[in-house]
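A.B. asks: Just to be clear, the model below is a prediction. Sequence and coordinates:
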Amino acid sequence: MAATIDLYTWSTPNGRKVSIMLEELGLPYAVHRIDIGKGDQFTPHFIAINPNSKIPAIVDPEGPGGKPFALFESGAILVYLADKTGRFYPTDPRAHYVTLQWLMFQMGGVGPMFGQAHHFMRNAAEKVPYGIMRYGKEAARLYGVMNQRLGEAKYLAGDDYTIADIATYPWVARHEWHQVNLAEFPNVKRWYDAIGARPAVAKGMKVP
């Protein structure tokens with residue numbers, strides 16, 4: 001039986017990417033709650049695992065060479081777990097890079113821009129119309145990109161469910177936070193509903 005992976009996480013889209021992946025893979029894992037509202041991410045113990053003080057992070061007791069291995073950055077963790085198990089990341093060169101492309105689309109676009117929309121629309125101490133307009137408009141544009149892609153393919157990377165979908169779903173799950181009506185993006189809604197119906201996704205979204 002595989003060794004238990006330690007998952008350091010909180011209830012954010014980036015954290016839930018990894019819990020979904022672990023559930024999909026059926027790997028044993030132990031959840032360590034890092035309450036970012038209380039500053040747990042700045043404790044010496046966590047900084048030793050992730051010097052950037054962000055969740056999520058993992059420690060795999062059976063890392064490369066059979067030795068414990070700590071890893072941070074959600075996209076890197078998804079690639080690592082996919083490589084470790086041979087699942088959700090195609091090995092065919094074209095499919096491999098298409099998957100990587102859409103994973104980077106999430107890491108460089110969807111995550112940062114949706115996160116800024118969340119901040120200005122929900123969390124900012126004062127309403128900043130320019131920030132709301134700028135990031136709201138960009139979030140809607142990114143939904144349009146996904147909607148076009150998902151009109152051409154079943155999943156973001158093509159016919160198969162991959163780490164690109166696992167990375168993107170938890171961000172789309174907060175569509176109401178950035179004032180997006182999924183009915184206006186029917187291909188995204190079809191994809192969103194299908195992924196949300198996966199039992200592993202439902203379990204992973206409840207962590208921690």
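C.D. replies: Noted; the coordinates are in hand.
A.B. asks: Is there a neighbour count for Pro64? I'd like the number.
C.D. replies: Using other CB atoms under 10 Å, Pro64 has 10 neighbouring residues. All C-beta atoms are positioned from the backbone trio N, CA, C, and that covers glycine.
A.B. asks: Would you mind measuring from it to His96?
C.D. replies: Look at Pro64 and His96: by CB to CB, to the nearest Å, they are 20 Å apart.
A.B. asks: and Phe88, that one's in a strand?
C.D. replies: No - counting by DSSP: H, G, I helix; E, B strand; the rest coil, Phe88 falls outside a strand, being coil.
A.B. asks: Do a quick rundown of the strands in the chain.
C.D. replies: With strands called from DSSP state E, the chain shows them at 5-9, 29-33, 57-60, 69-72.
A.B. asks: Need those in JSON lines (columns: distance to Arg122, mean pLDDT and mean neighbour count).
C.D. replies: Putting the strands of the chain into JSON lines (distance: least, CB to CB, whole Å; pLDDT from 0 to 100; neighbours: other CB atoms under 10 Å) gives the following:
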{"stretch": "strand 5-9", "distance to Arg122": "21", "mean pLDDT": "98", "mean neighbour count": "23"}
{"stretch": "strand 29-33", "distance to Arg122": "22", "mean pLDDT": "98", "mean neighbour count": "16"}
{"stretch": "strand 57-60", "distance to Arg122": "25", "mean pLDDT": "98", "mean neighbour count": "23"}
{"stretch": "strand 69-72", "distance to Arg122": "26", "mean pLDDT": "98", "mean neighbour count": "17"}
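A.B. asks: Tabulate those strands (TSV), appending distance to Lys203.
C.D. replies: Conversion of those to TSV gives the following (distance: least, CB to CB, whole Å):
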stretch	distance to Lys203
strand 5-9	13
strand 29-33	11
strand 57-60	17
strand 69-72	22
